[in-house]
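Chemist: Sharing a sequence plus its predicted fold:
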Amino acid sequence: MPPAAYLVIATAPGYIDRSTSLGDPSQWPRHLIGSNVRVTMIKGGVITGIVTDARGEPVTGVPVRAITMGGGNLSSLSSFLGGGGNSETDDRGIYRIYGVLPGQYMVQAGGKGSVGQFIADRL
């Protein structure tokens, strides 16, 4: 490896690398070759729920996104890795977003998903 400053990120299902909770990725700690690196993982929370139509029936394949009440992404790590707090409802209309930092979130359903555009007023 050439001499440089390196970003070290650890991932584990249901856990968050504490250093990535610092906000903008430009604020995350950098390490030089030969440095001892300590990674602290914290247990993430889960946001789950069900999306239903006007009749109360579950809706499948709806994209769901968690947004911090401050308007930011779910976590900087999720955005960096391409997740951004996104999920999609399953065949029962249930969604599950995991690895959530402590805080208040708004859940948004609808929009573009893996199978195209979902518009709620077409139910």
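Modeler: That came in fine, so what should we check first?
Chemist: Following element in sequence after the lowest-mean-pLDDT helix or strand in the chain, please.
Modeler: Ranking every helix and strand in the chain by mean pLDDT, DSSP states H and E puts helix 76-80 at the bottom, with a mean of 45. Later in the chain than helix 76-80, the nearest helix or strand by DSSP states H and E is strand 86-88.
Chemist: Which residues are in contact with Tyr6?
Modeler: Remark: with contacts taken as Cβ atoms under 8 Å, 6 or more residues apart in numbering, Tyr6 is in contact with 30-33. (Glycine included, C-beta is placed from N, CA and C.)
Chemist: can you tell me how far the residue nearest to Val107 when sequence neighbours are not counted sits from Gly85?
Modeler: Nearest residue to Val107 in three dimensions, chain neighbours excluded: Ala66, at 5.6 Å (Cβ to Cβ, 6 or more residues apart in numbering). With distances taken as Cβ to Cβ, to the nearest Å, Ala66 is found 4 Å from Gly85.
Chemist: what does Asp91 give?
Modeler: On the measure of Cβ to Cβ, Asp91 and Gly85 end up 22 Å apart.
Chemist: Got the confidence number for the residue nearest to Val107?
Modeler: Ala66 is assigned 87 on the pLDDT scale.
Chemist: Might one say that it is in contact with Arg96?
Modeler: No. Here Ala66 does not reach Arg96: they are 10.6 Å apart, not a contact under Cβ atoms under 8 Å.
Chemist: Next, show the common contact partners of these two.
Modeler: When contacts are counted by Cβ under 8 Å, 6+ apart, Ala66 and Arg96 have Ile47 as shared neighbours.
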